[in-house]
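Student: Return a 3D structure for these sequence lines:
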Amino acid sequence: MRTRRAVSSFLTRNSEEGTSLAVEDIDWDALTIKGTCQEIEKQYLRLTSAPDPSTVRPEEVLEKALVMIETSQRNYLYKCDQLKSIRQDLTVQRIQNEFTVKVYETHARLAMQAGDLPEFNQCQSQLKRLYAEGIRGCNFEFSAYNLLCVMLHSNNKRDLLSSMASLSKEAKQDVAVKHALAVHAAVLSGNYVLFFKLYKQAPNLNSCLMGKGRPTLFCQFKMYFVIERRF
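Tutor: Residues are numbered from 1 along each chain as shown. Down below sits the predicted model:
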């Protein structure tokens, strides 16, 4: 009870101070919850008090919820809301396993396709941590996404060099990672012809990060390509 009151006090103070923390940013080590809710569909609501187990879904129900989202024909906003709700239920129960990775990977892919980079970055941040803890997932696929995101959207050379240096030998042999490194070479040399060739041949969802988000580089390359064809 003391722990629940402490968490409730922290969340209330956070709300009063006008700050906005994602549920993943809260330290839940002092609180263990086992959900009992059986509802598959559940709207995401930011926590303002200690979570009630009767409103939190256990892992077996969350697995059904993810299947429901993957097969749904609803729009991205609906799916994003449902996935954030699943992530919240996983976090407050401190569930960190391959299913957790699958949830974040699914959300990240949908966010990329919708051009929602802030949500993608939040998922990518959690995936890096989960991968680092040895939990299996599509590590190489998301290593490629990380390279492209840093390279084309943040333009942070230090982060890019750090990401490239952290690649394992196995990762460098992956098709998606090789493609991302080739994109880096094309951007570095200003080879817009190669850039668009790589854009058309992009594996997985690499093209989403090449063509969406911060458009400056993509638009410049497109402008050069149009001018060359005209003359």
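
Student: Surely Val101 and Leu130 touch.
Tutor: Yes - with contact defined as CB atoms under 8 Å, Val101 counts as touching Leu130 (5.2 Å). Every residue, glycine included, has its C-beta placed from N, CA and C.

Student: which residues are common contacts for these two?
Tutor: Gly137 (CB atoms under 8 Å, 6 or more residues apart in numbering).

Student: tell me, how many neighbours does Ser49 end up with?
Tutor: 13 (other CB atoms under 10 Å).

Student: before we move on, what about Asn139?
Tutor: Using other CB under 10 Å: Asn139 sits among 21 other residues.

Student: ranges for the helices of the chain?
Tutor: For the chain, the helices defined by DSSP state H occupy 2-16, 59-71, 76-92, 98-114, 117-132, 139-149, 157-165, 169-172, 175-189, 192-200, 206-211, 216-230.

Student: Kindly compare burial across these and name the winner.
Tutor: Most buried of the helices of the chain by mean neighbour count (mean count of other CB atoms under 10 Å) is helix 139-149; its value is a mean of 24.

Student: For that helix, which helices and strands make contact with it?
Tutor: Counting contacts by 3 or more CB pairs under 8 Å, 6 or more residues apart in numbering; DSSP states H and E, helix 139-149 is packed against helix 98-114, helix 117-132, helix 157-165, helix 169-172, helix 175-189, helix 206-211.

Student: In PDB, list the C-alpha atoms belonging to stretch 57-72.
Tutor: C-alpha atoms of stretch 57-72 as PDB (Å, rounded to 0.1, in the frame of the first residue of the first chain):
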ATOM      1  CA  ARG A  57      -4.700  -7.100 -19.000                       C
ATOM      2  CA  PRO A  58      -2.500 -10.100 -18.400                       C
ATOM      3  CA  GLU A  59      -0.100 -11.300 -21.100                       C
ATOM      4  CA  GLU A  60      -2.400 -13.900 -22.600                       C
ATOM      5  CA  VAL A  61      -5.100 -11.300 -23.200                       C
ATOM      6  CA  LEU A  62      -2.500  -8.800 -24.600                       C
ATOM      7  CA  GLU A  63      -1.400 -11.500 -27.100                       C
ATOM      8  CA  LYS A  64      -5.000 -11.600 -28.400                       C
ATOM      9  CA  ALA A  65      -5.200  -7.800 -28.500                       C
ATOM     10  CA  LEU A  66      -2.100  -7.800 -30.700                       C
ATOM     11  CA  VAL A  67      -3.600 -10.300 -33.100                       C
ATOM     12  CA  MET A  68      -6.700  -8.200 -33.200                       C
ATOM     13  CA  ILE A  69      -4.700  -5.100 -34.200                       C
ATOM     14  CA  GLU A  70      -2.700  -6.900 -36.800                       C
ATOM     15  CA  THR A  71      -5.800  -8.200 -38.500                       C
ATOM     16  CA  SER A  72      -7.800  -5.000 -38.100                       C
END
